[in-house]
Every structure is written in C-alpha cells, then in structure tokens.
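# Provided below for reference: sequence and predicted model.
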Amino acid sequence: MKTTTWLGLLGIVALIAAAPVAGQMAQRTTPTEISEATLGCIDCHADQTPAIYQEWGGSKHYRANVGCYECHHAEAGDPDAFEHNGYLISIIVSPKDCARCHGKEVAEFEESHHAKAGLILGSLDNFLADVVEGDTSFYGGSALAVSGCKQCHGAVVDVNEDGSLAATGWPNTGMGRVNPDGSIGACTACHQRHAFSAAQARRPENCGKCHLGPDHPQMEIYEESKHGIAYRAHESEMALDRPKWVLGEDYTAAPTCATCHMSAVRTTDGKLVPVTHDVGLRISWNNRPPVSIRPEVSDAKLGLEKMAGVDWRQRRANMVEVCTVCHTTPYVENFYEQYDGVIELYDNKFAKPGVQFMKILSEGGLVTPTQFDEQVEWTWWEIWHHEGRVARHGASMMAPDYTHWHGLYEVAKHWYTDFIPQLREIAEKNLDSPDPDRAAAAKKLQEAIDAHLAQPEHAWYVGKMSDEERAKRKQAQEEFKKRYGN
Amino acid sequence: MKTTTWLGLLGIVALIAAAPVAGQMAQRTTPTEISEATLGCIDCHADQTPAIYQEWGGSKHYRANVGCYECHHAEAGDPDAFEHNGYLISIIVSPKDCARCHGKEVAEFEESHHAKAGLILGSLDNFLADVVEGDTSFYGGSALAVSGCKQCHGAVVDVNEDGSLAATGWPNTGMGRVNPDGSIGACTACHQRHAFSAAQARRPENCGKCHLGPDHPQMEIYEESKHGIAYRAHESEMALDRPKWVLGEDYTAAPTCATCHMSAVRTTDGKLVPVTHDVGLRISWNNRPPVSIRPEVSDAKLGLEKMAGVDWRQRRANMVEVCTVCHTTPYVENFYEQYDGVIELYDNKFAKPGVQFMKILSEGGLVTPTQFDEQVEWTWWEIWHHEGRVARHGASMMAPDYTHWHGLYEVAKHWYTDFIPQLREIAEKNLDSPDPDRAAAAKKLQEAIDAHLAQPEHAWYVGKMSDEERAKRKQAQEEFKKRYGN
Amino acid sequence: MKTTTWLGLLGIVALIAAAPVAGQMAQRTTPTEISEATLGCIDCHADQTPAIYQEWGGSKHYRANVGCYECHHAEAGDPDAFEHNGYLISIIVSPKDCARCHGKEVAEFEESHHAKAGLILGSLDNFLADVVEGDTSFYGGSALAVSGCKQCHGAVVDVNEDGSLAATGWPNTGMGRVNPDGSIGACTACHQRHAFSAAQARRPENCGKCHLGPDHPQMEIYEESKHGIAYRAHESEMALDRPKWVLGEDYTAAPTCATCHMSAVRTTDGKLVPVTHDVGLRISWNNRPPVSIRPEVSDAKLGLEKMAGVDWRQRRANMVEVCTVCHTTPYVENFYEQYDGVIELYDNKFAKPGVQFMKILSEGGLVTPTQFDEQVEWTWWEIWHHEGRVARHGASMMAPDYTHWHGLYEVAKHWYTDFIPQLREIAEKNLDSPDPDRAAAAKKLQEAIDAHLAQPEHAWYVGKMSDEERAKRKQAQEEFKKRYGN
C-alpha cells in the first residue's frame, strides 16, 4: 500500500468562495409585513390545518413575513396551478419556488449528486421494484415503486386532468423529485414542512430517512461510531438551533452527518468554510458500484459538469479541513490509510473477480439476459450491493461492527459458500454443452475460478495454505482454546 | 384500482362520546390524605425498595394520595392475596384493581384487540415456541415461551401453594396477561411501575417493547418515517408531560404512535376526540394474516363484539380526522391510495397464490401434517409472517426502506429463489407417486404453479416478458449504465 | 429445574472494600494551577485543534489544572516519546498514564475480563478476519482486522521508525489495546477524548460501540427492554452528570448498562457499593462459548487470578443487590429462574449436542482441519456464535424479541433445516468410505443424530410426537384458526 499523498493538497483554496453568497443575499428581499394574501389564507387555515399554521408560526419564515402565499403562489400556466379563493396557487413548493429567496442553496443542490437521485430508471434496483416485486396495477405501474424507491429517490409528480396531484407521485418527498414546474428536487426531503427547521436538518435522523437499511446503512453506522456516541451524549451542547452553526466555533462536542458533509467549519488555518448544499464536495470514494470509483468519475457520467472537475484529492482535502478541527493531521492520515485499506481489500479480493465472473456468465450465455431469474444473480447482487457497500461505508465512518460482521463477514461467507459453488456448478453443467460458445465460456469460467482460488488470499479455501502459516495458526488456536475453552 | 370513497364518511360521529367519561369521573373518589395503611408500607419500603418509593413520589398517584395500599390491597379469597404485617395484599395490581379509579380506560382496553393478545395457544408462533424451539423442562413447559412470547402476549400468572407467584408467569408485563383474579391485561405493559407516567406511554419506545423485530417492526418503521424524524428533532416541543395532550392544541410538532392510534385530537371541525384505550379504532387493515383482512372481520373472530360492529371505513375516517390536523384531505386520500396499492400488490401477486399452494400441499398430503418439519413450510412462513408484514406495515407508515428492502424485496427474493423451486420439486417428486391422491395433488400443484407463472406479473421469470417491454427495459438499462457505469 | 439457592449468599460482603479507595485518594495530588508546559501547548493548540481545547475546557480536568502536558508527557525511552517544542511527549495517553491519578480504576480494569479483550489471536473470529475475509496487503496483515475487530478488541500500537504511530494500530480505541509503553487498555474506549465525561460513559450508547450486532446485541436488547424504555423516557431524571451517581440515592428512574454492571448502589441494607471498573463482578453466566459457562471458569483460563476466585453465586448476589433497589426479592429470584431456564433449554436441546456432533466430525476426519471451508462449519458457527448468544443475552436482559425471534427461533430454524440435514448428508456420504476411520466416524455420527432426534424434545421433527400431544395441539390449532382465520 502506497502512503497517501493527498495531504500536500491541503492548502488548496476551498471551492465555495464567499463572494457569490454575498451576491445572492443582495438580491433577496423580505417582506416588511405579512401579505394580505397570506392573511386571507390564515383566515381559514388556522382552523383547517392547525398544525401547519402552528409549525409555520414556529419557523423563521413567520418573523420574516414569508407566509402561505409567498411560497405557494403560482404562475398562470404552471401545470399544477389552481384557482383558490381568488388566488392562483399550487400545492407543491418546488426548489424553483424556494430559489426566489434561497438561490445559492438551490444552485448548489443542482450541482450535486443528490439532484440526480431520481435517475434510477434502468437500474437493477428499478427492475426489482417494477418487475420482480411489482406489477402494473397501480395506474399502470408498480405500487411498490411509489411507496418504496420513489419516496427516497423522488417521483415524477403528475397532475391529474382536474388539476389535482396524482397518487403515483404525491405524497412524495424524494430527493430527486421531478416537479410539475419541471424543476428537480424536494427541499422538504430534509427541511420538513412547515417548520423548515435548520436544527432538524442538522440531526442524523434526518439523513436516516434514506441512508439506512441493508444497502446503505449510514445511519446505523453513524450511531455505532464514536461520532454518534458523542452526539447522543452531548446533544445539549450541539447548539443545533443557532443560525450560525460553525464547527470549532459554535460547537465542538460531536459531528453529525451535516457537520462533516455540508456544514460550516472554521478551519485550523482560521478560514471560514461556509455551508454547502453540494453533498459530494468532501467525499473521496463513491462506494455505490461493485468496485469503488472516484466521485469525479461518477459525477461526470451523471452529467454533473462542475463536480466532474473536482478531483477526489481536492474533496478529501476538503474533508480533512473538517477532521482536523478535532483530530491531528497524523491521526487523520492514518484513518484514511485504514479506510483505503478496506476498500482495496474488498475491491481486489472480491469485487473485481466478481465483476469478471459475472461478465463471463453474461457474455458467454451461461445466464439468461434476464436479471434475477437465476440464483447466482441474487448472490452476486447482495454481495456487492448490500454487504460490500456496508463494509465500505462502515470503514468510512469507523463502525467496526458494520465493517466486519454486517459487511465483509457476509461478503466472505456468501462468496465461499454460495457464489463460488454456484459458479462452479454453472461451469460444470455447461462444459459439455452442444453449443460451442457456451462450452467455451464454461471452460473460461472454470479457468477463471481456478486462477482466482490460486491467489494466496484464497489458498486457505482450497487447502493450500502454506505449512508455515498453517502451523502458526494452529498454535495460536491451541493457545486460544486454553484461554477460552473453545 | 378503484378510487377510495371512504372520505364521504368523514362526517360520521366519532365512536367515543364524551358523556360516558363524565359518568365515570363522577364515580371516582380520591383520598384526601395518604392512608394509614400506606404510611405503614412506607415505613419499611422507603428503605427496602427505595426506587419504588421514589418513583411513586414522582407520580400523579402521590399527590392524589393513592399509595401502596390503595392499589395493592386484596380481597379475602383472591388467589394471590397474602397477609403482610396485618394487611391483606397482593403483588399484582390487575386491570380490575386499576378500574377502581380508571374504569373507562379498562373498559376500552377490554373491547380492544390488545385484550386478546394472550390468545396465541394453537398459533404457529406458539408451536414454534413450545415445540420447535422449546422443551418441557421449565415446570412442564417451554422456558422460551416464558421469556419470549409471553413477555409481550401475556402469561397466565399461576400462584404457588405458598401464595407466591410462579416463575412461569411472573415477572410478566405482557399485554394479555391472565391475572390471578381472573382479569385480563397488564396496565403496566405501557404504564411502567411505579411512575405510571403518561409522558412515557406517549413515547414511541414504549410501544417498541413489543412492536419491533422481524415480524412486526412498527418501531423501526416509525423511526425511519418523517413522523419519527420530526419527533426526534422536536421532542422538547411535544408537551409530552402535559395532562391534556391534544394534537392540534397542545402540540403540533410530530405524532407518536399514541397520537395517531389512541390520543386526543382537536379535529379541523373543532371537535375534541378524546383519548381511547381501544387501539383498533383508527386502523383500516389487519396485516397480521397472510392475506390482509379488515379489522372488523378479525375482531368478530376474536369475540370483540363491539369492535366487530365498527366497519373499516369508519375506522379510516377516524384516522383521517387525525391526519388532517397536519395534512390536507387530498394528501391523505392519496396516501391511502398508495398504501392500499401496496396491500393489493402483495396480496394478489404473492399472498393469495401462496395460500392456495400451501392448501394444495396440505390437503393433498404432499407435506406431513406437522408444521415446520419441511423446508417449504419455513419458506412460506417467513414470506408472509415476516417479510410480507414488514412490507405492509412499512407502507402503512411511510417508511420506504421497510416497504421495499426489508419487505417486498425479501418476499420476491424468497418467492422466486426458494418457494417456487421448492414447490416444483415437491410436485415433481410426487407426480409418479403410487398413492393416486398424492399423484393427483402433485399434478394439481404443478398446474397451479404454471397458471400462476403465466400471469403477466410473473412473465419475466419464465422468460415471457413481451418483446416491447423487454426492448424498453434494455434501453433504459443501457442508458443507466452510461450514467452509472453498472 | 432446581430452585436456585444463591439468595442465601446475599449477606456476603461486597468485594470492593472502601479502604483501598481512600488509600488511592491520599496518594493523588492535583496541581494548583495550569502548568507552564500546558500553557505552552495551548498557545498553539487552541487554534490548531480548537475542538480538543474546547472539549478539555468543558472537562473536569480543566478545573483540576490537569492539562495537555500532565497527560501527554512522556519518559525518555518510551517507544512513542518524541520531542515537541522542547517537551518530551507521546500521542497516546495509556492506562499507565491515567493511573498517575486514577490508580484504583486502572487496577480494577486490569483485573477484569475487559483487560483481556485483545487476546483474540487464534480465535475463529480472528481466522475469519485475517484469512477468510482478509489478505496480507495492509502492512503484511488484514485491513479488515484493523478497521473491524481491533477497533473493539484493541490493536497492538506499533511505532514507526520516525516515531509516528503506524496505521495498523492507530487510530484505535479498542478495549484491550496494547500500548507502546506495554500497558494494556484504552480508557478512551469509554471515556471519550477530550471531555472524558462520566455522564457519557454512563449512557448505553457508550457500551453500544462494541456491544451490538449479530453476535452480541446487548445494546439492541437493552433498547427493547423495560429498562431501556424507562431510560429514554426519563433521561432528564437520570442525574447523569452528577459526580456522585448512586442508584437509589441520586436517581431511580431507570438503569443504564453502567448502573447494573459497574456503578455505585445504595443497597436496601443501607450499604454503599462503590463504582467498580471490573465489569465481571455482577455477571453469573458467561454466554460467549457454545455452551454457557460460569465466569470464574473463563476468568481462570484468561489468567485473571483475582476474578478466578470469585464464584458465580457471589457475583449473582452482587447483581441482586442492584436489582433489589427497584424490585422485590421474589421478583428477582423468579427472573433468574426464567433466565436460567432459557440457558438450560438452549444448552441441553441444542448447544451440547452441537458440540458433540462437531467433535465427531473433526476427530473422525469428516471435515478438513481448516475451519469455514465447509458449509456445516458456517452453520454451526452462526447457531452458537450469533443466534445462541442473542437468545441467551436476550433472556438475561428481558428483551423478548431477541430471546425468541432473533435468538432461539433462528437457532431452531437453522438446526432443523440446515444443521441436521447437513450432518446427515456428511454421514451418508462417508458410511462406505474406503477409509475405515471415516466410515466408523460416519456411523458414529449417524447414531448420535438418531439418538439425539429420539429425545422427546425433538420427537415432533421425526414424526414421533405422542398421540395425546398431537391431539391436544391439533385442537388448539383449530380453535386458533376460528379466532384468527389462519
């Protein structure tokens, strides 16, 4: 393993310069009093939707005289605009609407990976939801996709002929929602209506609505980590409801998800890094695919032009600026070595060979073109999509149980007890196939498996551990048994 | 899918009229001072069980002069009554005892599904606990049932010959406990001794003692949902310790389990719906069985006469009264469409065929009469009892990860990779059985599987997706790969 | 089941006498002002590591004038000592350093099971991490072990040639860390830097960094239990930040992990049991191995001389002193009967036969000497190491869902559907082995399985349930179906 050298980049100027912020702020105007239109809304809605009224009353919007109409007013021609007691309004307040005041935040969001959350059509996950789990009985689509995937990834919000919103896309607070006005996103994914509380958005549970579960348990990982433990213990010292919420200035007790990935930081150089709504600026690995890739690579594929130009080293340097508020530089460097080490182990020992095997299967016609109709496809899917991600994310945030038991332990277990035997069986069954292409592919697969298992890290499995290693391990085992009895 | 029409029922008068409450209250008397008997208890117990003394000191009971003796006094002839320093008392304070002051609450409880929680004898769950997992070494029964099932469902509390309580049923705080005095229930299941804090009972963790885990993860589902997120963020605004705790009046920040299912609400019509201890009054699906049923159907079977007469539409209208404090009516209508859509998908695509297949197996003698001695029985059990419930409950409370990954994803995975292949194998093995009934059943099963897989929603699995659909999906997949690289 | 008789031991004098405490305190000296050296550190570090500075400022250390240098100063010759602006310091503050002031706590820790946490070399877990999941690409070892196991169990902290700490062992806060100065342990495992807050260490999340997950979910178990529920509801009454934190005096609302296992208690006899850092003093079962053993047995094997002399009855009596602050003695006695009942059930029905079967396999050459290269080894491993532990720990802390669904349900499921069939297959395959030893072992295995399944508690599985039992169960099942419809 090469020593990482990215710390030389620490001096790089942070991406988010202060100037544009000032620019945006100059363009904002806040009303000096509650508008007549909003007062009209309140006349009924204080009684008819009392919680909305009260939650708004507790929000910053209230004192800024930003009321119902200021956010919900619509333009003639908006697909979801409707006449309501003399006013043209819409139910959905889209990022385009929020951008009237919060232009900088929306612009940052639009440059981010989050803005592409809805682009899951054609993914294996989407095939699962639409076809494997679903049917077409919910307005021609899968009810599961509506209540499942799209609640995080975002639905296309369709407007019925009568102007109401269709149940296929509403209720929906998915991050990549496609709104009737054509804008992308749902600010309410994090800033829950109608309090729009910054304090809430800074809390880990907020991110946990989507970042949890078998395929991306960041929430569970955080909870196990020292960071999560410190947060729970010192919640009252977190100053979560301060408008200015700068790590190192306003609080030091613990970081939340927001702290590390988005929020303002006073660096050890004395620089103020402002909050950003581009969540990828401090991330140096994209652990979504079978084999980890650099975020600038995936951002380019997603058409995120600005972010495609931000190298992982720069992003890591951004994160290190956060880490070093609480930790020393050598500590942080060592942490990144440990993290990279797990990525490298997983990628080399399991992920890359897995990709290779699956390619031989599909290119050689050893599996049907349909996904998930054969056991081996499920096995491989869970190895990389669930367990391999858990291990990598676990290492990224220092949660040992997720790195090991929920992560690489499951990867290895399914590798040796399911994946390899299933691959071998497919190879054996096809070696004598009358179809010469399949027979050739089967032979290729068998050779690939043999070459794979001949690697030193798999030697134990085929009984080829070196005598020296074997003796060393046997002795350790006997000593352990003496100490522990099993 | 038909548009739901239950909203026309919204005007129906809520079931719980205010009058009986006043009636009950008139019958209560609270002591004007701490009784001599209780002062006698305290003389020793302030030292001997200091925490009980202190927790009682923090309770409302203290200031109402309701002390040890007021609750623990027993009648001569009570099976668990015993003489203690000149007083006849019992350890267990049963609902019958609590009803001396809290008659309305106990009466509501007795009309509810909760009161039948102990009726699990004869269930598959019970067979698992007693036989599959258990033995008879714990006083002739299964230690697992005592420390497992019965801690939630309630044990029969037996009294030893010496008047002490038997370990088979004590400690126990299960909801459907059968008390020595013949009464059913354990108020302490939710109102933990000796603080009996309403605030605690209103918190989600309280319900989470039983409503969690692989077969009914309501707690985990709530935590993931927007409701749970809002609760964690705004706990301090929840007014949890107010005696009057009316949604829309005393708090609006978030709902807990209690809020939606039990607690008082000021509706948008200005009506005060009082708290109820009948937990089924706002529930419109019973998702316990393999195929979801309406709650009035299961309540009738359980012998809950009053609730058997409360139609699901009425119950849904009750819930909508809660929802609309915070949400608009079209939003709530759409939500229920989404929820019903998942139920319908699960029921039609998986549950009903599963029930049919299992019936063929058991009626045709293709499995032994003993449950769980064959693999296919475990497979089907987990599909409906664990995963199918998780999906349905996940959709009911808007937790996408539980609806999908922990829910229908697992259902579909086990359906296609375990259940169908296991059924096919059973059919094939028995087609040529010398027993003509078995052979006929095997044929019937094979035909049923074929008919099932010929349905359009299973076409993908048998390679019969339409060319058009296949082409559309292939294109989407290729576009996705360009964007994401896999 | 024999009635437990340990309560006769309740009078035994607690192990931790007050005298040594006083002795230790007399030896401590606290500075009267912040040292010049520490003031020098602060000159830079207030800016360079602002969070460390601020967190220290919130700690008790600050007001006791214990600053950077007091903890970080090193002796010439210490392997990790380095010159830093004229001072000899080290990064790691080891238990040896902490013992300058906290000698009693370190001494107690060193006598405890916790101090041996690092002795995992040679365990099956270690083989998994190093070999099955790992490779040798991280400085000759497994990156997984570094980010996984060792983050809880403790790494050997190696010092690089340039005096910096190697990434193989740093960052690391594992309980059994081997420090450069030769001392064992990491006080920061629980007392997180640089607040070293007692309040934090008393919270359940603190223990949850390691005590969670599939093989030891104590954290999840606690959260489900009445104890955990009470804690969440009454956190504000827990007096967590009081220096004196005595159950029954300073708080009574709920216990945390620390309360029961370590913290001070005023017993019902009026005795003050001081806090101890020996976590095993109140534990009466060691549920780590396949078959539960008494803690004095495992402590002896681990070389914990003092604890080897502390009988489980004495430890249970210690715990009962805690329980009875809130519960009556008969309640606690019954609880322990219930707990012991689950241990006995698991041990006798599953664990002991499992050990016997695996012994036949390995001694008879029916499996290779290599662990985890055969399916049956994984099956048995998860039965005892994961599921069997979960059941036992679940029962120990009264979490029904973990005792049953996550625990014995999984044990039984995998026993009957995986383990027994896999064993049978191995036996059948080897009965006619040309190797007479293997053939004999196969016969022995087959007989052992037959004898095992002939036991009454397994009769149901082989269709030999008594007619009477069968009839009784059938009737119950039919009645249940009437009530519930399935």
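Ah, there it is.

# for the residue lying closest to A:Ala476 once chain neighbours are set aside, which residues are in contact?
Distances taken as CB to CB, 6 or more residues apart in numbering or on different chains put C:Gly122 closest to A:Ala476, at 3.3 Å, once the chain neighbours are dropped. Where C-beta positions appear, they are placed from N, C-alpha and C, glycine not excepted. C:Gly122 sits next to A:473, A:475-481 when contact means CB atoms under 8 Å, 6 or more residues apart in numbering or on different chains.

# which stretch of helix or strand covers C:Gly122?
For C:Gly122, there is no helix or strand it lies in under DSSP states H and E.

# for the helix or strand A:Ile42 falls within, give the mean pLDDT please.
Secondary structure from DSSP H and E places A:Ile42 in helix A:36-48. Helix A:36-48 shows a mean pLDDT of 94.

# need the pLDDT of A:Ala19.
Note on A:Ala19: pLDDT of 35.

# which secondary structure state does the residue nearest to the spatial centre of chain A sit in?
By CA atoms, centre = their mean, the mean C-alpha position of chain A lies nearest to A:His211, the distance being 6.0 Å. Using DSSP: H, G, I helix; E, B strand; the rest coil, the structure places A:His211 in coil.

# does stretch A:242-256 reach chain B?
No. Stretch A:242-256 stays clear of chain B (CB under 8 Å from any CB of the partner chain), getting no nearer than 11.5 Å.

# now that stretch: buried residues?
The neighbour-count check on stretch A:242-256 (16 or more other CB atoms under 10 Å in any protein chain shown) flags A:245-256 as buried.

# where helices are concerned, which of the residues you listed count?
Members of the buried residues of stretch A:242-256 lying in helices (criterion: DSSP state H): none.

# just put these in JSON lines and tack on pLDDT.
Formatted as JSON lines, the buried residues of stretch A:242-256 follow (pLDDT from 0 to 100):
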{"residue": "A:Trp245", "pLDDT": "97"}
{"residue": "A:Val246", "pLDDT": "97"}
{"residue": "A:Leu247", "pLDDT": "97"}
{"residue": "A:Gly248", "pLDDT": "94"}
{"residue": "A:Glu249", "pLDDT": "94"}
{"residue": "A:Asp250", "pLDDT": "96"}
{"residue": "A:Tyr251", "pLDDT": "97"}
{"residue": "A:Thr252", "pLDDT": "96"}
{"residue": "A:Ala253", "pLDDT": "96"}
{"residue": "A:Ala254", "pLDDT": "97"}
{"residue": "A:Pro255", "pLDDT": "98"}
{"residue": "A:Thr256", "pLDDT": "98"}
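
# which one of the residues you listed is nearest chain B?
The closest of the buried residues of stretch A:242-256 to chain B turns out to be A:Thr256 (CB to the nearest CB; 11.5 Å).

# that closest one is in contact with A:Arg203, isn't it?
Yes. Shown here, A:Thr256 and A:Arg203 form a contact pair, counting by CB atoms under 8 Å, at 6.1 Å.

# ok, and the helix or strand in chain A with the lowest average confidence?
When each helix and strand of chain A is scored by mean pLDDT, DSSP states H and E, helix A:19-27 comes last, with a mean of 41.

# quick check: phi and psi at the spatially closest residue to A:Asn172 that is not a sequence neighbour.
Spatially, and ignoring its direct neighbours in sequence, A:Asn172 is nearest to A:Ala155 (4.4 Å; CB to CB, 6+ apart). Dihedral angles of A:Ala155 (phi, psi; degrees, to the nearest 10) stand at phi -100, psi 160.

# now swap in A:Arg282 and tell me
Dihedral angles for A:Arg282 - degrees, to the nearest 10 - are phi -120, psi 20.

# related to what we said a few turns ago, surely the residue nearest to the centre of chain A meets A:Glu223?
No. Applying CB under 8 Å, one finds A:His211 not in contact with A:Glu223, separated by 11.5 Å.

# residue contacts, the residue nearest to A:Ala186 when sequence neighbours are not counted?
Closest residue to A:Ala186 apart from its sequence neighbours, by CB to CB, 6+ apart: A:Arg177 at 4.3 Å. A:Arg177 makes contact with A:118, A:154-157, A:169, A:184-186, A:189 under the criterion CB under 8 Å, 6+ apart.

# can you rerun that using 7 Å?
Neighbour list for A:Arg177: A:118, A:154-155, A:157, A:185-186 [criterion: CB atoms under 7 Å, 6 or more residues apart in numbering or on different chains].

# and those, which is closest to B:Ser292?
Within the contacts of A:Arg177, the smallest distance to B:Ser292 is 24.1 Å, found for A:Ala155 (CB to CB).

# helix/strand/coil for the residue in the stretch 51-200 of chain A positioned nearest to chain C?
Closest contact between the stretch 51-200 of chain A and chain C, by CB to the nearest CB, is at A:Ala199 (18.4 Å). Secondary structure for A:Ala199, judged by three-state DSSP, is helix.

# ok, it touching A:Arg242?
No. Between A:Ala199 and A:Arg242 there is no contact under CB atoms under 7 Å: 8.5 Å.

# name the surrounding residues that touch the helix holding A:Ile42.
So helix A:36-48 is in contact with A:52-53, A:67-70, A:85, A:87, B:268, going by CB under 7 Å, 6+ apart.

# just the buried ones from these, in PyMOL syntax?
A single PyMOL command is used to select the members of these judged buried by 16+ other CB under 10 Å:
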select buried, (chain A and resi 52+53+67+68+69+70+87) or (chain B and resi 268)
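
# circling back to that earlier point, if I look at the residue nearest to A:Ala186, how far off is A:Leu128?
21 Å (CB to CB, to the nearest Å).

# dump the residue contacts of A:Arg389.
By CB under 7 Å, 6+ apart, the contact list for A:Arg389 reads A:215-216, A:287.

# strands of the stretch 201-350 of chain A, start to end?
Along the stretch 201-350 of chain A, counting by DSSP state E, counting those that start in this stretch, strands occupy A:265-266, A:272-273.

# what lines up beside the last one in the sheet?
Read that as strand A:272-273. In the sheet, strand A:272-273 lines up against strand A:265-266 (antiparallel) (DSSP bridges).

# any idea of the mean pLDDT in the strand it pairs with?
Strand A:265-266 comes out at a mean pLDDT of 96.

# hmm, who's touching that strand?
Residues outside strand A:265-266 that contact it (CB under 7 Å, 6+ apart) are A:246-249, A:272-273, A:321-322, A:325.

# redo those as CSV? Include distance to A:Ser236.
As requested, the contacts of strand A:265-266 are exported to CSV (distance: CB to CB, whole Å):
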residue, distance to A:Ser236
A:Val246, 18
A:Leu247, 17
A:Gly248, 18
A:Glu249, 18
A:Leu272, 25
A:Val273, 25
A:Glu321, 26
A:Val322, 22
A:Val325, 20
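
# and the residues you listed, which two are the farthest apart?
A:Glu249 and A:Glu321 (13.9 Å).

# what number of residues lie near A:Leu431?
By the criterion of other CB atoms under 10 Å in any protein chain shown, A:Leu431 has 15 neighbours.

# and the residue lying closest to A:Asp418 once chain neighbours are set aside, what does it touch?
Closest residue in space to A:Asp418, ignoring its immediate chain neighbours: A:Thr379 at 4.7 Å, by CB to CB, 6+ apart. Residues counted as contacts of A:Thr379 (CB under 7 Å, 6+ apart) are A:414, A:418-419, A:422.

# just the CA trace of the helix or strand hosting A:Thr379, in CSV.
Per DSSP H and E: A:Thr379 is located in helix A:375-381. The C-alpha trace of helix A:375-381 is given here as CSV (Å, rounded to 0.1, in the frame of the first residue of the first chain):
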residue,chain,number,x,y,z
GLN,A,375,-29.8,-17.8,-8.1
VAL,A,376,-26.3,-16.6,-8.9
GLU,A,377,-27.6,-13.2,-9.8
TRP,A,378,-29.2,-12.7,-6.4
THR,A,379,-26.0,-14.0,-4.7
TRP,A,380,-23.7,-11.5,-6.6
TRP,A,381,-26.2,-8.7,-6.2
